[in-house]
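Colleague: sequence unknown, structure follows:
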Ligand SMILES: [Zn+2]
Ligand SMILES: [Zn+2]
């Protein structure tokens with residue numbers, strides 16, 4: 001493995017050893033040490049800088065799943081920089097792609113635009129030059145909160161209109177036979193000999209997907225087309241019937257997807273790009289473009305960053321299922337760093353998010369923070385280094401310090417947030433359980449706020465409760481004499497001295513035993529009196545957090 005002699009990180013040599021354990025660092029090494037093309041026997045030169053590309057289509061719902069490609073791209077970019085390499089991070093708006101269906105919030109009248117490039121659609125709200133500009137802006141507002149690395153922005157529409165792709169269009173058309181041959185290796189219905197990797201925009205209706213080539217005049221460099229209906233999966237792009245001619249070197253148009261991706265890689269000299277795990281198979285658009293890129297455009301195909309997609313409780317996110325998680329919703333209950341951490345864990349392990357289990361993700365993150373700040377000991381040195389690096393890279397940002405999360409666990413915060421409402425009472429309670437440290441005030445209150453939002457929006461019923469003001473009569477009547485005796489005894493004991501969690505926990509067992517109760521009978525009685533429920537949060541810390549309020553309720557028995 002190569003030396004990481006980078007000055008932008010102050011890590012000691014010993015700690016840098018962790019770099020070979022984290023997926024993005026492993027990938028960075030692979031990218032930097034690339035020596036050959038994949039499909040042809042050509043040596044690949046080491047570039048002056050490594051370009052990490054990420055891109056997005058500009059229609060549809062912007063949910064947290066759509067941030068994953070860019071978050072992971074940013075991580076690889078950071079890994080390259082940390083490995084001492086020069087790198088560049090670019091983001092491309094796929095705004096020459098046609099509108100395929102009407103997204104939520106877009107009027108039904110836009111049906112006439114199905115098949116039109118999103119960059120030429122009018123902005124629904126009228127505040128931008130185009131529909132694509134509006135959505136790119138919205139996208140970036142969100143992206144800038146979650147991605148801390150600077151990105152250079154590009155638009156495919158602008159690229160085409162500036163002629164930045166002309167060279168590649170020319171090469172791809174000139175080598176159409178090779179492009180067809182590469183694709184046909186994987187097709188059951190082979191492409192015909194006159195297939196072209198480029199199609200024009202209809203000069204009459206402006207649609208991009210409806211133009212079908214009828215003739216190619218190679219000498220004049222002109223194609224003829226007719227504008228016909230195009231069938232998407234569930235929608236139809238209506239053709240206008242126009243017959244026209246176009247010059248790929250001058251007229252507006254677009255490369256076919258299995259050519260355009262390759263051209264993008266060659267155009268920006270891309271070294272690596274992310275793609276969902278479904279692209280791993282040899283006949284995927286990724287590998288077909290990779291071969292086109294090398295054999296036709298003479299540029300080494302990038303290293304893929306294959307990853308698992310995000311699911312919600314194991315199910316794909318979809319508006320119709322109502323399980324879409326919007327970035328704004330995420331930020332109500334958690335930080336951008338937590339989402340980055342979630343995405344940056346091992347790439348190919350399934351990535352299912354569950355609102356219910358958010359406290360567990362927080363616990364994971366807090367544990368990693370403790371390891372990072374050397375506050376927790378991990379026996380396994382490799383694991384320690386891996387977690388440190390994962391935490392660091394999920395946090396690294398220009399002009400931003402590494403996140404020091406609160407030492408207050410999310411579950412405890414959720415408990416306290418349900419019982420106390422004033423900041424003063426919260427602090428008093430946290431002091432009793434030794435969860436309050438003045439220097440952490442901001443983080444603690446932030447976590448209380450997030451926990452409160454989580455409780456009201458997403459928490460499962462079993463962790464929601466209301467502290468009783470009084471002991472209801474039907475609860476009293478359900479309890480046995482030994483249970484009542486034990487609870488009174490517990491109230492007295494709490495008053496006796498300042499307990500710590502462990503001591504009080506042991507004392508609970510002693511009290512139960514003295515009253516002749518099995519521990520579950522004792523705990524159930526306590527929860528019935530405090531919460532009018534048979535279960536509740538861990539009793540000892542809960543009692544300590546409640547303090548006098550617990551004593552008062554238990555004493556009423
Ligand atoms: Zn707008
Ligand atoms: Zn047309």
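Modeller: Cool, the structure landed. Bear in mind the structure is a predicted one, so any value in this text is a computation, not a measurement. Residues are numbered from 1 along each chain as shown. Ligands and ions are numbered 1, 2, ... in the order given.
Colleague: ok, now which ones touch residue 98?
Modeller: 114, 115, 116, 117, 118, 207, 208, 209, 237 (CB atoms under 8 Å, 6 or more residues apart in numbering). Bear in mind the C-beta positions are built from the backbone N, C-alpha and C, glycine included.
Colleague: what about it, distance to ligand 1?
Modeller: In this structure, residue 98 lies at 20 Å from ligand 1, with CB to the ion, to the nearest Å as the measure.
Colleague: Leaving out chain neighbours, which residue sits closest to that residue?
Modeller: Nearest non-adjacent residue to residue 98, counting by CB to CB, 6 or more residues apart in numbering: residue 209, 4.4 Å away.
Colleague: and what of residue 413?
Modeller: Leaving aside its sequence neighbours, residue 413 sits nearest to residue 451 (CB to CB, 6+ apart; 3.8 Å).
Colleague: so that neighbour is in which element?
Modeller: Element membership for residue 451 (DSSP states H and E) is helix 441-457.
Colleague: And the residue of the stretch 401-550 of the chain that's closest to ligand 2?
Modeller: Residue nearest to ligand 2 within the stretch 401-550 of the chain: residue 457 (47.0 Å; CB to the ion).
Colleague: Please report the distance of the residue nearest to residue 34 when sequence neighbours are not counted from residue 274.
Modeller: Counting by CB to CB, 6+ apart, residue 34 lies nearest to residue 44, which is 5.7 Å off, once chain neighbours are set aside. As judged by CB to CB, to the nearest Å, residue 44 and residue 274 stand 20 Å apart.
Colleague: same question, residue 238
Modeller: 34 Å.
Colleague: Those two - which one has more neighbours?
Modeller: For residue 238 against residue 274, the residue with the higher neighbour count under other CB atoms under 10 Å is residue 274, and the figures read 23 against 17.
Colleague: what are the phi and psi angles of the nearest residue in space to that one that is not next to it in sequence?
Modeller: Excluding its sequence neighbours, the residue lying closest to residue 274 (CB to CB, 6+ apart) is residue 305, at 4.0 Å. The phi and psi torsions at residue 305 (degrees, to the nearest 10) take the values phi -110, psi 90.
Colleague: what does residue 93 give?
Modeller: According to degrees, to the nearest 10, the main-chain angles of residue 93 amount to phi -80, psi 120.
Colleague: Can you give me every residue that contacts it?
Modeller: Contacts were defined as CB under 8 Å, 6+ apart; by that measure residue 93 touches 55, 56, 58, 132, 136, 153, 154, 155, 156, 157.
Colleague: all helices for the stretch 451-557 of the chain, in order.
Modeller: For the stretch 451-557 of the chain, the helices defined by DSSP state H, counting those that start in this stretch cover 473-478, 481-496, 501-514, 519-531, 539-546, 548-555.
Colleague: and residue 67, which of these is closest to it?
Modeller: Judged by CB to CB, the one of the helices of the stretch 451-557 of the chain that comes nearest to residue 67 is helix 539-546, at 35.2 Å.
Colleague: Point out the other helices and strands that that closest one packs with.
Modeller: When contacts are defined as 3 or more CB pairs under 8 Å, 6 or more residues apart in numbering; DSSP states H and E, helix 539-546 sits against helix 410-419, helix 423-432, helix 501-514, helix 519-531.
Colleague: Of the ones you listed, which stretch is the most buried?
Modeller: The highest average neighbour count among these, using mean count of other CB atoms under 10 Å, belongs to helix 410-419 at a mean of 23.
Colleague: Show the secondary-structure elements that that one is packed against.
Modeller: Counting contacts by 3+ CB pairs under 8 Å, 6+ apart, helix 410-419 is packed against helix 358-372, helix 423-432, helix 441-457, helix 539-546.
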